[in-house]
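Chemist: got a predicted structure here, sequence first:
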Amino acid sequence: MKITIEAPKGISPKVSADNLLNDAAQIAENCKLEKGDLRAWSRPLKEDDLALTSIAGLFRWTANSTDYWAESANALDHTRTPISADTYERMYYTGETEMRGLANDNISDPFALSTDYYKIGVPAPTSAPTIADGGIVTRYYVYCYVTKYGEEGLPSAIGGGTTVAASPVGISAIGAAPVGRQITILRLYKTASGTAGTAEYFKVLDATWFSASTAYAVGDFVIYSTALYKCTATHSAAAWNVAHFTAGDDVTDANPSSTVCPSTTWEVPLTGMAGLGLLPNGALFGFYKNELCFSVPNRPHAWPSGYRISLPYDIVATKASGSSVIVMTKGNPYIAFGTHPENMQKRQIDSFYPCVSKATAVAADGGVFYFSKEGLIRVTPDGLAQNATFDIMSPVDWDDYYPTTMHGVFYHGKYFGFYKSGADEGGFVIDFGNNILSTLTIYAYACHVTAEDGEFYLVTQDNIDEDDPPENIPLCTKLWEGDDYNYLTAKWKSKKFILDSSINFSVGRIIIDSNFYDDVLALVESESYILDLNAAVFAAGNLVGSYGTFMYGRFEYGGDLILSSNNVEINADISFKLYANNELKFTKTVNSDKFFRLPSGYRANKWEVQLEGNIPIRKIQFATSVRSLLSE
């Protein structure tokens with residue numbers, strides 16, 4: 001009698017331990033199973049320190065050829081600018097009080113997301129312009145605020161009438177621009193003819209607010225106090241000099257502008273909007289409560305109320321899939337589709353899969369994944385919703401992973417999820433290509449896959465001095481599987497093999513990758529890994545520590561902090577455990593492919609094996625005799 005496990009697989013908690021497939025597992029912890037063998041993930045490698053000690057949102061922004069980590073205590077959604085050849089390298093995000101933006105001319109040293117942003121959207125002025133009268137011209141005026149990035153907002157209320165004065169027309173009562181939105185320009189429009197509400201408004205001029213630190217050339221328009229002036233004599237950077245300026249617009253109808261005010265519907269994005277994303281047509285989308293919102297294409301600051309779609313359920317998350325938006329709600333999922341925000345349509349997906357965590361929603365693999373109480377749901381652009389984990393996990397099984405606390409990413413064909421409830425925390429990996437589910441002992445507070453190079457980063461606790469731990473443990477970014485020398489400990493427990501009669505297995509064998517360990521140590525030596533670590537120890541200037549520096553027993557007497565290849569977190573030994581009738585009967589350390597004896601003196605009909613280690617295991621065998629073990 002022989003049992004052979006040749007291609008260890010992942011867990012299937014929905015199936016009882018004795019009904020699992022022969023290669024399936026009850027435990028598959030830190031196991032990388034995609035290669036058809038059993039091996040451990042290499043450890044994440046620390047990349048950068050982070051400023052905050054509580055992080056739920058993170059993304060990397062590259063500006064001025066420098067990478068910056070945008071970190072927040074709130075979950076964030078972000079997207080790059082759809083604007084072609086944007087010299088400001090803008091990035092937009094939601095998750096804070098309002099939609100915000102980053103630009104490469106607004107970066108502090110050090111960069112901080114909490115300060116180096118501007119509010120997206122340009123509100124309408126709070127007051128109409130006062131237009132000088134006393135004439136016979138019928139004309140109406142409005143003005144808009146414009147940011148230094150060219151983002152134009154809603155026009156003001158209308159000023160003017162049927163008795164507008166001759167040019168230059170005095171224009172006053174101009175409202176101060178709201179702060180925090182990078183507004184630097186006032187754009188004035190007027191009608192060529194007609195009456196308010198029926199005529200088009202044509203551009204007259206752009207003006208800036210007067211500054212004593214700015215020089216002005218003849219022809220420049222400025223706002224001083226609340227009135228409009230034209231510079232009529234060169235003004236060096238100095239205090240206001242009324243002799244250099246003439247009040248009014250001083251623009252005749254001789255060469256009228258053909259530029260019509262485009263921003264009459266360009267509203268500010270709703271406060272509290274979340275779920276920011278980008279469609280191929282350049283329109284951004286997001287949601288607030290039960291409303292799905294869209295921006296004007298290639299105008300990330302402009303969000304007309306006419307582009308909103310109401311749903312019967314509050315929205316939890318939104319993700320783009322192709323040219324459609326998959327909308328996850330507290331009820332049915334929906335799909336929004338169309339060629340332009342003004343003609344977007346909605347369609348309810350029949351499957352009732354309420355989304356339980358916004359942070360689990362990920363666009364990948366030709367659709368969108370998110371967690372419902374039923375499991376991980378995949379929605380395709382054609383509106384098909386399926387439970388992708390139906391065969392391996394039941395809703396009760398998922399309860400052990402606290403779905404409402406989850407967040408996740410999609411990386412290399414796998415869904416990586418992380419959960420935390422009190423002290424119970426960890427992660428899991430769903431490998432769709434190989435249909436494998438495994439777990440992780442690592443917890444990430446947030447994670448991010450970079451758009452530029454497709455690297456997977458986690459936010460985890462940094463290493464600390466265990467003898468003097470800080471009150472708040474610092475956080476850092478780590479590159480997934482970035483460490484070529486140190487490995488997690490894989491733990492794998494087989495199915496429960498139930499036999500027709502009780503027997504005794506007398507011999508076992510584990511086929512391991514005997515070269516793997518040696519190859520890693522050779523890499524350590526060739527790449528000077530230990531030398532670099534020791535150089536850091538020398539640079540710190542404390543090789544042995546003073547008396548009382550370290551906890552007693554942490555280092556051998558007379559030892560020091562200098563490292564050797566023995567300090568690399570990889571071991572050639574595999575821990576083998578044999579269970580019979582639910583009782584641990586045998587434990588052995590294995591480091592070769594040789595046969596090893598199993599204990600005698602008992603019989604059982606229920607058998608399980610468990611292995612732990614760092615190096616790859618290709619095959620597991622145990623049999624009633626050596627002959628049986630060697631038989632085909």
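Modeler: Good, I have the coordinates.
Chemist: can we go C-alpha only for contacts and neighbour counts from here?
Modeler: OK.
Chemist: what about Val524, which SS state?
Modeler: Counting by DSSP: H, G, I helix; E, B strand; the rest coil, the backbone at Val524 sits in helix.
Chemist: distance of it relative to Pro616?
Modeler: Using Cα to Cα, to the nearest Å, Val524 is found at 18 Å from Pro616.
Chemist: comparing those two, which residue is more hemmed in?
Modeler: Comparing Val524 with Pro616 by neighbour count (other Cα atoms under 10 Å), the higher total belongs to Pro616, at 24 against 19.
Chemist: leaving out sequence neighbours, find the closest residue to the more buried one.
Modeler: Arg39 (4.2 Å; Cα to Cα, 6 or more residues apart in numbering).
Chemist: would you map out the domains in this protein?
Modeler: 2-27+500-630, 130-247, 274-479 (automatic domain parsing).
Chemist: figure out which of those domains is closest to Lys493.
Modeler: Taking Cα to Cα, domain 2-27+500-630 is the member of the domains of the chain nearest to Lys493, at 4.2 Å.
Chemist: so for that closest one, mean pLDDT?
Modeler: Domain 2-27+500-630 comes out with an average pLDDT of 82.
Chemist: quick revisit: got JSON lines for the domains of the chain, with distance to Leu76 too?
Modeler: Shown next, in JSON lines, are the domains of the chain (distance: least, Cα to Cα, whole Å):
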{"stretch": "domain 2-27+500-630", "distance to Leu76": "32"}
{"stretch": "domain 130-247", "distance to Leu76": "20"}
{"stretch": "domain 274-479", "distance to Leu76": "8"}
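Chemist: for Gly121, which of these is the nearest?
Modeler: domain 274-479 (4.5 Å).
Chemist: how far does that closest one stretch from start to finish?
Modeler: First residue to last in domain 274-479 (Cα to Cα) measures 27 Å.
Chemist: contacts for stretch 619-632 next, please.
Modeler: Contact with stretch 619-632 is made by 1-7, 37, 503-512, as judged by Cα atoms under 8 Å, 6 or more residues apart in numbering.
Chemist: ditto for stretch 212-220
Modeler: With Cα under 8 Å, 6+ apart, stretch 212-220 has contacts from 207, 230-240.
Chemist: repeat that with 10 Å
Modeler: For stretch 212-220, the surrounding residues in contact (Cα atoms under 10 Å, 6 or more residues apart in numbering) are 205-208, 210, 222, 229-241, 244-245, 250.
Chemist: which strands and helices sit next to the helix or strand hosting Val204?
Modeler: Using DSSP states H and E, Val204 falls within strand 201-209. Counting contacts by 3 or more Cα pairs under 10 Å, 6 or more residues apart in numbering; DSSP states H and E, strand 201-209 is packed against strand 133-147, strand 183-191, strand 221-224, strand 227-231.
Chemist: roughly how far does Leu58 sit from Asn486?
Modeler: From Leu58 across to Asn486, the span is 26 Å (Cα to Cα).
Chemist: same question for Ser167.
Modeler: In this view, Ser167 and Asn486 are 78 Å apart by Cα to Cα.
Chemist: so how far is Pro82 from the residue nearest the centre of the chain?
Modeler: For the chain, the residue nearest the mean C-alpha position is His448 (4.3 Å; Cα atoms, centre = their mean). Note on His448: its distance to Pro82, by Cα to Cα, is 20 Å.
Chemist: shaky segments in the stretch 201-350 of the chain?
Modeler: Across the stretch 201-350 of the chain, residues meeting the criterion (pLDDT under 70) sit at 254.
Chemist: quick one: the strands in the stretch 51-200 of the chain, in order.
Modeler: For the stretch 51-200 of the chain, applying DSSP state E, counting those that start in this stretch gives strands covering 57-63, 66-72, 77-80, 91-94, 100-102, 118-119, 130-131, 133-147, 159-164, 171-172, 183-191.
Chemist: distance from the chain centre to the strand holding Val204, please.
Modeler: 40 Å (Cα atoms, centre = their mean, to the nearest Å).
Chemist: same question for stretch 68-83.
Modeler: With Cα atoms, centre = their mean, you get 7 Å for stretch 68-83.
Chemist: now do the buried residues in that stretch.
Modeler: 68-73, 75-82 (16 or more other Cα atoms under 10 Å).
Chemist: ditto for stretch 306-314
Modeler: Quick answer for stretch 306-314 (16+ other Cα under 10 Å): 307-309, 311, 313-314.
Chemist: do the same with stretch 438-454
Modeler: Buried residues in stretch 438-454 (16+ other Cα under 10 Å): 438-440, 442-449.
Chemist: how far does that stretch stretch from one end to the other?
Modeler: End-to-end distance of stretch 438-454 (Cα to Cα): 22 Å.
Chemist: what is the mean pLDDT for it?
Modeler: For stretch 438-454, the mean per-residue pLDDT is 96.
Chemist: which ones are touching Glu71?
Modeler: Glu71 sits next to 50-52, 54-60, 112-114, 446, 459 when contact means Cα under 10 Å, 6+ apart.
Chemist: same thing but at 8 Å, please
Modeler: Glu71 neighbours (Cα under 8 Å, 6+ apart): 50, 52, 55-59, 113.
Chemist: contacts for the strand or helix carrying Lys319 next, please.
Modeler: Per DSSP H and E: Lys319 is located in strand 315-321. With Cα under 8 Å, 6+ apart as the contact definition, strand 315-321 has outside contacts at 274-279, 286-292, 325-330, 355-359, 361-363, 366-368, 380-381.
Chemist: just to be sure, Ser211 is in a helix?
Modeler: No. Counting by three-state DSSP, Ser211 falls outside a helix, being coil.
Chemist: how close does it get to Tyr415?
Modeler: Ser211 is 54 Å from Tyr415, by Cα to Cα.
Chemist: more neighbours: which of the two?
Modeler: Tyr415 (20 against 15).
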